[in-house]
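>>> just to be clear, the model below is a prediction. Sequence and coordinates:
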6 protein chains.
Amino acid sequence: MSESFEAYRAERARLTELVLEEGTKTTKRFFNLDSAIYRDGALPARTKELLGLVASAVLRCDDCIRYHLDQSVHSGWSDEEIHEALDIALVIGGSITIPHVRRAYGDLEGLRETNE
Amino acid sequence: MSESFEAYRAERARLTELVLEEGTKTTKRFFNLDSAIYRDGALPARTKELLGLVASAVLRCDDCIRYHLDQSVHSGWSDEEIHEALDIALVIGGSITIPHVRRAYGDLEGLRETNE
Amino acid sequence: MSESFEAYRAERARLTELVLEEGTKTTKRFFNLDSAIYRDGALPARTKELLGLVASAVLRCDDCIRYHLDQSVHSGWSDEEIHEALDIALVIGGSITIPHVRRAYGDLEGLRETNE
Amino acid sequence: MSESFEAYRAERARLTELVLEEGTKTTKRFFNLDSAIYRDGALPARTKELLGLVASAVLRCDDCIRYHLDQSVHSGWSDEEIHEALDIALVIGGSITIPHVRRAYGDLEGLRETNE
Amino acid sequence: MSESFEAYRAERARLTELVLEEGTKTTKRFFNLDSAIYRDGALPARTKELLGLVASAVLRCDDCIRYHLDQSVHSGWSDEEIHEALDIALVIGGSITIPHVRRAYGDLEGLRETNE
Amino acid sequence: MSESFEAYRAERARLTELVLEEGTKTTKRFFNLDSAIYRDGALPARTKELLGLVASAVLRCDDCIRYHLDQSVHSGWSDEEIHEALDIALVIGGSITIPHVRRAYGDLEGLRETNE
């Protein structure tokens, strides 16, 4: 798992660099905005990561779930808190989200093992 | 606005009652589950409302946004905190969410006026 | 309810006629194909209406739900059978489909009253 | 029709103003970006309007379709060109887009009458 | 093909077990509900599998399509009946479902070979 | 990259053949319609490819993006024009499309290298 996680992080970094090098000013502005929304503001950054996680889960984007799961663990959210957030995604988004929630549990297990 | 909000609440209540009267056991179990996920647990109920709001916004469901906006205001979230949550929905879900975010701002204005 | 159902049917018919008059050959071919898939074949037409109903519900299209609900009632499906089909949509599609399922129950009630 | 179009434009303008007054810096930056992508660049603005129209149609956002239809007509696209663009949305997005395509034909008829 | 199908079944089973072990009571209740909707009731279980297949196809979830295809074959649906169900998904969901329908035909071929 | 592109093209061709051999008349008619919409008409074929690309990107279908990217390059669209089209998809569809846009940039790089 941590191996595939590493591979995902590396490929993600390589392609993001490519987009930022090749893309237009608008592309860059959009990527900047996408970072800006997760910074501390009226809401703390860690709450925003959880919002990002649930939004990614209901929209069924594995890459996005993975990213926000990683950030959520680093922000100090416990497994139980993350499971409750995923429950919300599961019930709002329905059983069509199950394959993504299953993979999220697998990723979470991997992330905890790596950090031990 | 508060008028249309009242009409929405009444119609919503009437139809929910109809579903719970007519539907199967499974229908009822699903509706119960949909209430259960927003109760206090490892995460406080008010955080869960915000998660519900963002999930509803990226999935572009006006009725759902309206419901969670109402709950979020009653949970004590400030306008600024709600705006930051909606920013996350806006950037994750894209400009296709703008009509819904616009209506959410309209609803929020109406909710604040009603509560004054 | 039956009034709004009538208004919906009339507007639907007016606009369909406009599309078929103004649209391209491709537009017409697509509309023909969309009728063809609900005809008796290896699967009976009435089973296909139920498939259309569930697909419309998980995709959250009120107009499409309404149309297939109307057809399903005319195909002789009972309320209980339709409720079980909607349960599948509810659990697969999640609570984001609730507003649509609520309206479907309202429409179904209206359709039964009209037919009495 | 042109009446409902006027009402839609007025409500849209009122709520956009509210969002820009009340929203965060991020909200404003996102709205700016959403205007920037339709300006002349390597691709002419009018081609971009057509891209916006098809994207809005497959994502089934009536408000967005309406906006880009209005812009597409003002950019000089003929009915036939717009119908072919909508055919692409219809076939890619499937019959679930039909209610939106139907309304787009109705709007287009209204827009042409207003401009005569 | 049957090899990848086996791998998919094994990984699916491993992760489902993990979710049920680690998840909350709500998670378990949702998984139970997701099994309950496919049991014999007013509608027979085999009709419900077909409803699940079409819903999964229009929502473009490969894992879900695979699961319901497997169940549909075991419920005794013929290839021709399954193709007609997939036609409904194809026309309702549009050409964006083609990659999933293509993989479904590949899976179906593999399932038939395995069962011979 | 060009290797994975070749593998994708071969698997795509194999499965399309399977669908056309095994599928119903309706399946074939739908596939024909899906080819027809990209031919020269009131709008030139190359504009239609760009419309197909943006629709595929906002609907987040990697296979479809890949196909239309390939066609767009063969139609003579420059990198800059394609980047602007992808910007529209990015802003309309939101950051949930980023993983797909990232892969599109990777594919585009591979396509240019292959053609040199």
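Ah, there it is.

>>> with chain B in mind, check whether stretch A:85-98 reaches it.
Yes - with C-beta under 8 Å from any C-beta of the partner chain as the threshold, stretch A:85-98 lies in contact with chain B, specifically through A:85, A:87-89, A:91-93. (C-beta placed from N, C-alpha, C; glycine too.)

>>> residue numbers of chain A in contact with chain E?
On the criterion C-beta under 8 Å from any C-beta, chain E has as its neighbours in chain A the residues A:60, A:79-80, A:83-84, A:86-87, A:90-91, A:95-96, A:98-99, A:101-103, A:105-106, A:109.

>>> okay, now A:Arg28: neighbour count?
Just so we're on the same page, residue A:28 is Lys rather than Arg. Residues contacting A:Lys28 under the criterion other C-beta atoms under 10 Å in any protein chain shown number 13.

>>> sorry, that was for A:Ala104
Here the neighbour count serves as a burial measure; for A:Ala104 (other C-beta under 10 Å) it reads 26.

>>> buried stuff in the strand or helix carrying it?
Secondary-structure assignment from DSSP states H and E places A:Ala104 in helix A:98-115. Buried residues in helix A:98-115, defined by neighbour count with 16 or more other C-beta atoms under 10 Å in any protein chain shown: A:98-108, A:110-111.

>>> can I get those residues in TSV with pLDDT and distance to E:Gly23?
Compiled in TSV, these are given as follows (pLDDT from 0 to 100; distance: C-beta to C-beta, whole Å):
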residue	pLDDT	distance to E:Gly23
A:Ile98	98	11
A:Pro99	97	15
A:His100	98	14
A:Val101	98	9
A:Arg102	97	10
A:Arg103	96	14
A:Ala104	97	11
A:Tyr105	97	7
A:Gly106	96	13
A:Asp107	95	14
A:Leu108	96	11
A:Gly110	92	17
A:Leu111	91	16
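
>>> just those residues now: which is nearest A:His74?
Out of the buried residues of helix A:98-115, the one with the shortest distance to A:His74 is A:Leu111. That distance is 9.0 Å, counting by C-beta to C-beta.

>>> and stretch A:91-98 with chain C, contact?
Yes - with C-beta under 8 Å from any C-beta as the criterion, chain C is reached by stretch A:91-98 at A:91-97.

>>> return the residues of chain A in contact with chain F.
Going by C-beta under 8 Å from any C-beta, the residues of chain A near chain F are A:12, A:15-16, A:18-19, A:22-24, A:26-27, A:30-31, A:34, A:55-56, A:59, A:61, A:63-64.

>>> tell me the buried residues within those.
By the neighbour-count criterion of 16+ other C-beta under 10 Å, the residues of chain A next to chain F include these buried positions: A:12, A:15, A:19, A:23-24, A:26-27, A:30-31, A:34, A:55-56, A:59, A:61, A:63-64.

>>> for A:Ser95, give me its contacts.
C:91-92, C:94, E:30, E:34, E:64 (C-beta atoms under 8 Å, 6 or more residues apart in numbering or on different chains).

>>> still on that earlier bit, tell me the one of the buried residues of helix A:98-115 nearest chain C?
Within the buried residues of helix A:98-115, proximity to chain C (C-beta to the nearest C-beta) peaks at A:Ile98, which comes in at 9.5 Å.

>>> the residue nearest in space to the middle of chain A: which element?
Among the residues of chain A, the one closest to the centroid is A:His68, at 2.0 Å (C-alpha atoms, centre = their mean). According to DSSP H and E, A:His68 maps onto helix A:62-74.

>>> can you mark which positions in the very next helix or strand once past that helix are buried?
Note on helix A:62-74: by DSSP H and E, the next helix or strand toward the C-terminus is helix A:79-93. Taking 16+ other C-beta under 10 Å as the basis for neighbour counts, the residues of helix A:79-93 that come out buried are A:79, A:81-93.

>>> pLDDT weak spots in chain A?
Under the criterion of pLDDT under 70, the regions of chain A flagged as low confidence span A:1-3, A:116.

>>> returning to what we had before: can you list the buried residues of helix A:98-115 in CSV and add distance to A:Ser75?
Shown next, in CSV, are those (distance: C-beta to C-beta, whole Å):
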residue, distance to A:Ser75
A:Ile98, 25
A:Pro99, 25
A:His100, 20
A:Val101, 20
A:Arg102, 23
A:Arg103, 20
A:Ala104, 16
A:Tyr105, 18
A:Gly106, 20
A:Asp107, 15
A:Leu108, 14
A:Gly110, 17
A:Leu111, 12
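
>>> how about the residues of chain A that lie near chain B?
Near chain B, when you scan chain A using C-beta under 8 Å from any C-beta, you find A:33-34, A:37-38, A:41-43, A:47-48, A:50-52, A:54-56, A:58-59, A:64, A:78, A:80-81, A:83-85, A:87-89, A:91-93.
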